[in-house]
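*Asks:* Everything below, folded, please.
(chains A and B)
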Number of protein chains: 2
Amino acid sequence: MIKPRTPPGVMELLPRDQIAFQRMLDTIRRTFERFGFLPVETPVFELTEVLLTKSGGETERQVYFVQSTGALEKGGEGLPELALRFDLTVPLARYVAEHEHDLAFPFRRYQMQRVYRGERAQRGRFREFYQCDIDVVGKDVLSTRYDAEIPAVISAVFEALAIGDFTIHLNHRKLLRGYFEGLGIEGERQFAVLRELDKLDKRGEGPVRATLQGEGFGLPDDAVDRLMSFARVRSTGHDDALAKLAALGSGTALFEEGRDELRAVLEQLRVLGVPEARYAINLSIARGLDYYTGIVYETTLDAHPQIGSICSGGRYDNLAGHYTKSKLPGVGISIGLTRLFFQLREAGLVGTADSSVDALVTLLDDAGLGTALSLSQRLRAAGLNVETQLEPRKLARQLQYADRAGIRFVVIRGEDEAARGMVAVKDLRRGEQFEVAEADLGSTLQVEREQWRALGER
Amino acid sequence: MIKPRTPPGVMELLPRDQIAFQRMLDTIRRTFERFGFLPVETPVFELTEVLLTKSGGETERQVYFVQSTGALEKGGEGLPELALRFDLTVPLARYVAEHEHDLAFPFRRYQMQRVYRGERAQRGRFREFYQCDIDVVGKDVLSTRYDAEIPAVISAVFEALAIGDFTIHLNHRKLLRGYFEGLGIEGERQFAVLRELDKLDKRGEGPVRATLQGEGFGLPDDAVDRLMSFARVRSTGHDDALAKLAALGSGTALFEEGRDELRAVLEQLRVLGVPEARYAINLSIARGLDYYTGIVYETTLDAHPQIGSICSGGRYDNLAGHYTKSKLPGVGISIGLTRLFFQLREAGLVGTADSSVDALVTLLDDAGLGTALSLSQRLRAAGLNVETQLEPRKLARQLQYADRAGIRFVVIRGEDEAARGMVAVKDLRRGEQFEVAEADLGSTLQVEREQWRALGER
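*Replies:* Residues are numbered from 1 along each chain as shown, chains lettered A, B, ... in the order given. Down below sits the predicted model:
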């Protein structure tokens, strides 16, 4: 006998949690589609040579390699031929380069699949997790107007998920780098400083300040002071964002370019009707990765800052330089849904969902089987998800089962009711019981369900 | 520069094909949920020791193993610790055994995920493919009434997929084995004969007959004749199925048990309203796998028998004997959707889908950007999927783009229309153009879309 268990570092859910998770996936997908993004799915494994184009370091150490039994037996030099994707960005780059001539640009794609990382086993760290990504990829050029559409999507997604108030933090790499230039910080040192500033939230101001003043950087106190006060800039509300940007004074050409782009994004967000409480300038966010070149985004839950960013991304200059000579600039974001779901559950913000089953059609005795079956089919035809009790049990046990399973309606057709062409319905959510003509059962429950949904969706 | 390409043996789709595929997945999922099945997802990899409990042979040779960089460097004896799932049945067995005390039985689950097999590279053979499974798993016992619900689900799924007429073929292992008993074929030989009969469709009657008469089996001509005529039994229509079952004469206790169960299933299918053209007795199907113990199902497209079975399954006695002492009988089916989609496309039965984007809001000049953005958001609020043209282009090019992308509505707000508070809409599907008040645009397009959908869904 083998102990049934999953490998460490994966999230496997019981059905009612899976339903809650699935509803989040559906909501995100629906919102991505509302904004005209098209679905892409890629294979879970890529050719190692295609996946690991960047001279690896951190990323490569975390990769999972894949070998069939045959390849395993053969052994051989070097890395195995296949590896599991560790994000959705490299597969996107490969996909766009491979299918370049079959795609229309700007190419708007969403992708919601699992990715794999050989993380150290630790509570809340996942080796397999969902990413939900959108990107708009241009050919040669991509207007910065797309930079404003992305926060509108983020806003719509988290409104729809209804997990509390949130803020989309905006910053701009050109603004940052332009500001550094003004302080005499140039070239590669800019990236080093960026990476330090990115740690402000985690390490706090003191340690970051010490690092920047220390040997490696050796920045004068005055420059560090200015960096720190720059990084403290956060806006509340649309006009304040514009005012804070204006108050930064004038700077290098790069700085001004970044500021102009941010202003244009703010302007468009207003036109798009994104509530001003949902976005803010936050000059401390930098997004460590070197490939961001323009606007950067992070999103936090106002009541749960400790969760950190739940949706991040930004603008990049060239997506697929390893695979094609075409220049493919883009802008995109990623939601790490597995981690988010885990954190929301820990914080009590998502609970066990009601069942996806709307109704249980009970069975009181064998003679009732035919009616139970046909009644169930009629409810299904009316659009309801129905489970039929196929073996008679005590009614109390069937009710108990429905209650535990989170099924809302329990349909009971006793002799009394049958004689009058009626069925009884227990509505476990409202705690009510009512009678309805058998012929009207489907439409009645359907209406009830829609009303409840409309309520739930505000 | 690295050539961007996928590994051999995977199916990667362009967006419009992905939309078609996604719609099939959604339809299957919706139908599974209609019948009260609950979602389960499991990790793509399992512990090798858990996955490979059966002393491997064919299956083990086809397994993909997974190793992180660290494990790879360490090397070490024996098989790697992790392996990719090769079906959804073993993960289900592990899941049910692991979560036994948290699940309600009978446990009705659906699972729609990709599985992995180290198949030889060959057109139409996939190393990564979707399976869409449902199973009902009982604890200790599971009424044969569940056997009838499964074909009702199959029927509803393929009606909803609308890929043509289909037949669900029914047979019963007890009927088969009881018949063999009557011919003096006992014990292990029954399974050997079953496996031969299972090849009838592929090899034809002559070769199978030769094998059964040959040395290995050495069955007398008379017994082979009777096996062949038994295997030729196929019904057309409900009453014919009952008549054909009756015409088999009387048999052993096992035979009669199988026949009774089949009759009960037929009776319930009628009550469930499954059209009688959709199911048939077919005594040639055997489902090679030894673990089926009762009813077995195969499904074929009437106009495309060469595709073979597109949905198969059956009843088994004990799901998870390797992981738990509990007896877990069940019944289930699997749809190999990747292969089915590939075959349907080859046969011209599924085409490139219309876009998931309902409307393109055009942009004629920069001055129109604000209106284009707010118009788009209003359409989204009305439930439409909308792409906004963010950079002005010639109208002809925007129309051409929408046409190629399969977007139905093109929204144009020229100066003329704007002055009257109107917008023009080109309906590329109907080939018509109409004007509508800006305020009514969302509701108008929504109604148009719903009408079209209703038409499409009969």
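*Asks:* Quick check: residues of the stretch 101-250 of chain A near chain B?
*Replies:* Residues of the stretch 101-250 of chain A found near chain B (C-beta under 8 Å from any C-beta of the partner chain) are A:102-104, A:108-109, A:114, A:116, A:118, A:128, A:143, A:145-146, A:149, A:152, A:156. C-betas here are computed from N, CA, C, even on glycine.
*Asks:* Which of those sits closest to residue B:278?
*Replies:* residue A:114 (35.9 Å; C-beta to C-beta).
*Asks:* Next secondary structure after the helix or strand hosting the closest one?
*Replies:* Assessed by DSSP states H and E, residue A:114 sits inside strand A:107-116. Using DSSP H and E, the helix or strand that follows strand A:107-116 in sequence is strand A:128-137.
*Asks:* Only alpha carbons, please: show that next one as PDB.
*Replies:* C-alpha atoms of strand A:128-137 as PDB (Å, rounded to 0.1, in the frame of the first residue of the first chain):
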ATOM      1  CA  GLU A 128       3.400  24.900  -9.500                       C
ATOM      2  CA  PHE A 129       1.200  27.900  -9.800                       C
ATOM      3  CA  TYR A 130      -1.200  29.700 -12.100                       C
ATOM      4  CA  GLN A 131      -0.200  32.900 -13.800                       C
ATOM      5  CA  CYS A 132      -2.800  35.000 -15.600                       C
ATOM      6  CA  ASP A 133      -1.100  37.200 -18.000                       C
ATOM      7  CA  ILE A 134      -2.000  39.800 -20.600                       C
ATOM      8  CA  ASP A 135       0.300  41.500 -23.000                       C
ATOM      9  CA  VAL A 136       0.000  43.800 -26.000                       C
ATOM     10  CA  VAL A 137       2.900  43.300 -28.400                       C
END
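*Asks:* if we can go back for a sec, show me what the strand holding residue A:114 is packed up against.
*Replies:* helix A:15-34, strand A:38-39, helix A:89-98, strand A:128-137 (3 or more C-beta pairs under 8 Å, 6 or more residues apart in numbering or on different chains; DSSP states H and E).
*Asks:* now the ones you listed as TSV including mean neighbour count and mean pLDDT?
*Replies:* Compiled in TSV, those are given as follows (neighbours: other C-beta atoms under 10 Å in any protein chain shown; pLDDT from 0 to 100):
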stretch	mean neighbour count	mean pLDDT
helix A:15-34	20	97
strand A:38-39	22	98
helix A:89-98	24	97
strand A:128-137	24	98
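*Asks:* Residue A:271: neighbour count?
*Replies:* By the criterion of other C-beta atoms under 10 Å in any protein chain shown, residue A:271 has 16 neighbours.
*Asks:* That one and residue B:370 touch, don't they?
*Replies:* Yes. Taking C-beta atoms under 8 Å as the definition, residue A:271 is a contact partner of residue B:370 at 4.8 Å.
*Asks:* circling back: nearest to residue A:414, of the helices and strands packed on strand A:107-116?
*Replies:* Nearest to residue A:414 among the helices and strands packed on strand A:107-116 is helix A:15-34; the distance by C-beta to C-beta comes to 29.2 Å.
*Asks:* the domain parsing of chain A - what is it?
*Replies:* A:15-41+A:88-346, A:359-456 (automatic domain parsing).
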